[in-house]
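Novice: A structural model of the following input is requested.
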Amino acid sequence: MNYNNLITDVCNEFNEIKTLYNIELEKDNLDYESGPHTVFSFVFVPLLKNAIKNNDILAMKMFKYLEKMENSEDLYVSEVAEFTVLEEIADDFRDEEVVPYMGAKTLESFNLIRRYIKGR
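Specialist: Numbers count the residues shown, from 1 in each chain. Okay, here's the model as predicted:
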């Protein structure tokens, strides 16, 4: 997994993401030059938030994907997971709502984000 093909990869992994991505392209909210941070913010994060709120099995799959991102050798990929996805999740959900979905690396990053947010 690398930053340059992250959008293609996530669209291939999740039909729901691919569908939402195409809708955002049609609405002109995104274009083919939009980078991974922007695409994840417009597409991945809202879908994940909805899945968490509805206790949907999709949340587990999406957190498994985040764990793959966190374990990527490409540091830019883990930055998307942390700065674009996990920070938003940390802002909008209590720990008990999201921690059960997380793998070890995702939880480690999430805890650092929580510590940073509380330190503000």
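
Novice: what residues are up against the residue positioned nearest the centre of the chain?
Specialist: In the chain, the C-alpha nearest the mean C-alpha coordinate belongs to Val85, at 4.0 Å (C-alpha atoms, centre = their mean). Contact analysis of Val85 by C-beta atoms under 8 Å, 6 or more residues apart in numbering lists 40, 44-45, 48, 66. Using the backbone N, CA and C atoms, a C-beta is placed for each residue, glycine as well.

Novice: one more: Glu67?
Specialist: By C-beta under 8 Å, 6+ apart, the contact set of Glu67 is 102-106.

Novice: most neighbours among those residues, please name it.
Specialist: Highest neighbour count within the contacts of Glu67: Thr106, with 27 neighbours (other C-beta atoms under 10 Å).

Novice: show me where this structure has strands.
Specialist: For the chain, no strands turn up when DSSP state E is the criterion.

Novice: any idea which helix is longest in it?
Specialist: When the chain is parsed with DSSP state H, its longest helix is helix 104-119.

Novice: sorry, back to before: would TSV of the contacts of Glu67 with distance to Glu33 and pLDDT be doable?
Specialist: Formatted as TSV, the contacts of Glu67 follow (distance: C-beta to C-beta, whole Å; pLDDT from 0 to 100):
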residue	distance to Glu33	pLDDT
Met102	32	97
Gly103	32	97
Ala104	35	98
Lys105	30	97
Thr106	29	98
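
Novice: redo those residues as JSON lines? Include distance to Asp31.
Specialist: Listed next are those as JSON lines, based on distance: C-beta to C-beta, whole Å:
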{"residue": "Met102", "distance to Asp31": "32"}
{"residue": "Gly103", "distance to Asp31": "32"}
{"residue": "Ala104", "distance to Asp31": "36"}
{"residue": "Lys105", "distance to Asp31": "32"}
{"residue": "Thr106", "distance to Asp31": "29"}
